[in-house]
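A.B. asks: I need the structure of the sequence given here:
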Amino acid sequence: MWRTTGKRSRECSGAARPDTPYRYLENIAIADVAFEAWGATPEETFVSAGDATMNVMVDALETIAPLEVRRIALSSGALDLLLFELLQELIYYKDAEQLLLRLHSLRIEDMGGSYRLLAEARGEKIDRDRHPLNVDVKAVTLHRFAVERTATGWRASVILDI
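C.D. replies: All right, here's what the predicted structure looks like:
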């Protein structure tokens, strides 16, 4: 049922652009897809990771029209687990409602020992004639999962189960 473009997910269009704030990693996960996403802030990094996850499934992110809105509210005691839950949420909407969503706005609040995330995601139902689908992402794994501050901002390392 998941019709694909025939491209390997690591070769999707977003990964080939030099201005994309994520890159797919070879030789990290043989049967899965690994990527790094980055940004100047945790919020930018989370949005980049959301796009990287969606770009594994859809070759051309610009084909996703912002027709439907979902508000996402999450909390966690750790910043990396907050990203984990956010990416799982995007996968949940794809599976439960057939929605392809991109993060439109996102705010993270440090609650002094825990974090709260409020996001708005926009997108539309999967249209196999308009959306060039790559592979179906089943879940985010905790293997090598990380969110860390770097000298230039923030970076997330993610492996997706496909």
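A.B. asks: Nearest the middle, which residue of the chain would you pick?
C.D. replies: Nearest to the mean C-alpha position of the chain, by C-alpha atoms, centre = their mean, lies G50 at 2.3 Å.
A.B. asks: helix, strand or coil for that residue?
C.D. replies: Recorded secondary structure, G50: helix (DSSP: H, G, I helix; E, B strand; the rest coil).
A.B. asks: correct me, but it touches L87?
C.D. replies: Yes. At 6.8 Å, G50 counts as touching L87 under the criterion of C-beta atoms under 8 Å. C-betas here are computed from N, CA, C, even on glycine.
A.B. asks: So for the lengthiest helix in the chain, mean pLDDT?
C.D. replies: Taking DSSP state H as the criterion, the chain has its longest helix at helix 79-97. The pLDDT scores in helix 79-97 average 98.
A.B. asks: after it comes which helix or strand?
C.D. replies: strand 99-110 (DSSP states H and E).
A.B. asks: for the closest residue to L87 other than its chain neighbours, what are its contacts?
C.D. replies: Distance criterion C-beta to C-beta, 6 or more residues apart in numbering; nearest residue to L87, sequence neighbours excluded, is V140 at 4.6 Å. Applying C-beta atoms under 8 Å, 6 or more residues apart in numbering to V140 gives the contacts T53, F84, L87, Q88, I91, V158, I159, L160, D161.
A.B. asks: Kindly report the same for L106.
C.D. replies: If you count contacts by C-beta under 8 Å, 6+ apart, then L106 has E43, F46, V47, L117, L118, A119, E120 around it.
A.B. asks: shaky segments in this structure?
C.D. replies: The chain contains residues with pLDDT under 70 at 1-18, 29.
A.B. asks: What segments of it are helices?
C.D. replies: Going by DSSP H, the chain shows helices at 13-16, 42-57, 79-97.
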